[in-house]
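Visitor: turn this into a structure:
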Amino acid sequence: MMENAPQEPAPRDTAKRLIRDLDRATLATSLDGWPYASLVLVTVAPDGAPLLFISNLAQHTANLKKDSRLSLLFDGTAGLAEPLTGPRVTVLGRAAPIKDEALLASYVARHPSSGIYAGFPDFNLYRVEIERAHLVAGFGRIDWIEGAELLQRA
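Guide: Okay, here's the model as predicted:
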């Protein structure tokens, strides 16, 4: 009798895990029509939406104020001998500043060093509304996922 091979997780579950588990991402914004990438620390809201805590002094924030569209690359390939075989997900969405002390406290809990900036007037918490995501989870495992599939709605 043959044993059943382990079933791979659904693409949405792999993408949700990467977004939830990784504490940093590459943020891409538009700088006068040019792609502009930077490293950001992230956490997620209870529904799974990515949260950024960024300064008005940063170029990526200036870019978002002109055009709220962004992408976030969550790279789960660290430590792999062949990184291109590992999982990563690119989130496409729009970012908007929010005032929410509970979410800010959650962000600071995940990134304690950000607590020093929490009272600075030029730092704001941004919520990313996910429109779509593109998952590459290894050879032949490439999927587009709608944003609603990545959020836990009450």
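
Visitor: low-confidence ranges in this structure?
Guide: Residues of the chain meeting the criterion pLDDT under 70: 1-5, 153-154.

Visitor: in it, what residue spans correspond to helices?
Guide: Along the chain, counting by DSSP state H, helices occupy 11-21, 59-66, 101-110, 147-150.

Visitor: next, the buried residues of the shortest one.
Guide: Read it as helix 147-150. Of the residues in helix 147-150, Gly147, Glu149, Leu150 count as buried by neighbour count, 16 or more other CB atoms under 10 Å. Heads up, the C-betas are built off the backbone N, CA and C, glycines and all.

Visitor: the longest strand seen in the chain versus helix 11-21: what angle between them?
Guide: Longest strand in the chain by number of residues (criterion: DSSP state E): strand 123-136. Angle of strand 123-136 versus helix 11-21, following axes from the mean of the first three to the mean of the last three CA atoms, to 10 degrees, is 150 degrees.

Visitor: what helices and strands are in contact with strand 123-136?
Guide: Applying 3 or more CB pairs under 8 Å, 6 or more residues apart in numbering; DSSP states H and E, we find strand 123-136 packed against helix 11-21, strand 50-55, strand 88-98, helix 101-110, strand 142-146, helix 147-150.

Visitor: from the chain's centroid, how far away is the shortest one?
Guide: The reference is to helix 147-150. Once both centres are worked out by CA atoms, centre = their mean, to the nearest Å, helix 147-150 turns out to sit 13 Å from its chain's centre.

Visitor: go on, the fourth one?
Guide: Relative to the mean C-alpha coordinate of its chain, helix 101-110 is positioned 16 Å out (CA atoms, centre = their mean).

Visitor: just to revisit the earlier point, most tightly surrounded among the helices of the chain?
Guide: Each of those was given a mean neighbour count from mean count of other CB atoms under 10 Å, and the largest, a mean of 19, is that of helix 11-21.

Visitor: other SSEs contacting that one?
Guide: Counting by 3+ CB pairs under 8 Å, 6+ apart, the packing neighbours recorded for helix 11-21 are strand 88-98, strand 123-136, strand 142-146, helix 147-150.

Visitor: about what we covered before: between the longest strand of the chain and strand 88-98, how many degrees?
Guide: 160 degrees.

Visitor: fine by me, we can end here.
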